[in-house]
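Enquirer: task: produce atomic coordinates for the following.
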Amino acid sequence: MTRLIAAACALAGLAVAPFAEAQTKPAQSFGAAYAVRIYGMTAGQFDLSVKLDGAGGYEAATTQKTTGLVRSIVGDKQDYQASAKGVVTADAVRPSTYQHQGGRRNRLVKVTYSASDVVTTAQPAFGSMGDPPATREQKLGSTDNVSSFVDMLLAPGASNPCARTIRVFDGRARFDLVMKPNGMQDVHTRAWKGKAYRCSVQYKPIAGFSAPEPGEDRPTDDPLTFLFAPLPGGLFAPVRIEWPTDGAGLAIMEAKSFSRS
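Expert: I've put the predicted structure just below:
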């Protein structure tokens, strides 16, 4: 489930941009709480917080944990905390640092972005960086899992949040989310009600993968569905994400609440 949730929560950026390129907007904060359901039962929760400083900078964090029956089976082995910071330009979200910690080994992974490279450190170290590992060229121009949400929320340079490809590097795995518009859909959830942008999303592994470990789901080739709620101020909040699994049916991550200040 970890790999699939990470894949569902991802998108695009590069190195820190010069201050002159950053967007200048009022400072604001956004928060969201999500429930993850598999086999029709609640299996986890996912919380997001984003702070925009008004001068183009951002800080964001996520918390992921299993709940209910799934937690009784796997414990905290699929719990993760992650954070990132960077800048938003007119057409991109560009992270400078990213880190996450958790999982079966409670591994701490840190990624730094510069104009010339994207570098990962991990403690304990990865036994392998995948077969084949992601190259420098493949990592440049990608973003991290947390900054992906900033990209989804702001959709810089895009009038439709679904009309783009999101390039993701999580410290080891490199993959694309190829997003295409698929109309509008009525949404009625605890967090939001109205017409949402519907995206058909193809998950495309690039590099840095190995066989799933015991307890992990293998990604399928079936398309994912993202629904974005258009909020005041030009924000596009992910309100629902659906992705098929190999063996666990359709998994759904749906917003329970949004907060803004």
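Enquirer: so what's A237 up against?
Expert: By C-beta atoms under 8 Å, 6 or more residues apart in numbering, A237 lies in contact with 30, 32, 152-153, 191-192, 228-229, 231, 255, 258. C-beta here means a position set from N, CA and C on the backbone, and glycine is covered the same way.
Enquirer: the closest residue in space to it that isn't next to it in sequence: neighbour count?
Expert: Spatial nearest neighbour of A237, excluding adjacent residues (C-beta to C-beta, 6 or more residues apart in numbering): A229 at 4.6 Å. Using other C-beta atoms under 10 Å, A229 has 22 neighbouring residues.
Enquirer: which element is A229 on?
Expert: Following DSSP states H and E, one finds A229 within strand 224-231.
Enquirer: any stretches of this structure with poor pLDDT?
Expert: Where the chain drops to pLDDT under 70, the residues are 1-25, 211-220, 247-248.
Enquirer: scan it for its longest helix.
Expert: helix 145-154 (DSSP state H).
Enquirer: for the helix or strand just after that helix, output the C-alpha coordinates as PDB.
Expert: Next in sequence after helix 145-154, counting helices and strands by DSSP H and E, comes strand 164-169. Extracted in PDB, the C-alpha atoms of strand 164-169 (Å, rounded to 0.1, in the frame of the first residue of the first chain):
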ATOM      1  CA  ARG A 164       0.100  17.800 -17.700                       C
ATOM      2  CA  THR A 165       2.700  15.100 -16.900                       C
ATOM      3  CA  ILE A 166       4.000  15.000 -13.300                       C
ATOM      4  CA  ARG A 167       7.500  13.700 -12.900                       C
ATOM      5  CA  VAL A 168       8.200  12.200  -9.400                       C
ATOM      6  CA  PHE A 169      11.400  11.000  -7.600                       C
END
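Enquirer: which neighbouring elements make contact with strand 164-169?
Expert: Counting by 3 or more C-beta pairs under 8 Å, 6 or more residues apart in numbering; DSSP states H and E, the packing neighbours recorded for strand 164-169 are helix 145-154, strand 174-188.
Enquirer: tell me the contacts of L52?
Expert: 25, 27-30, 58, 88.
Enquirer: among the residues you listed, which two are most distant?
Expert: S29 and V88 (14.3 Å; C-beta to C-beta).
Enquirer: show me where this structure has its strands.
Expert: Counting by DSSP state E, one finds strands in the chain at the ranges 28-38, 41-52, 57-66, 80-88, 93-102, 107-113, 118-123, 164-169, 174-188, 193-207, 224-231, 235-244, 250-260.
Enquirer: look up how far M179 lies from I73.
Expert: 33 Å (C-beta to C-beta, to the nearest Å).
Enquirer: what is the burial count for A191?
Expert: Neighbours around A191, by other C-beta under 10 Å: 18.
Enquirer: which residues touch it?
Expert: Contacts for A191 (C-beta under 8 Å, 6+ apart) come out as 32, 229, 237, 239, 254-258.
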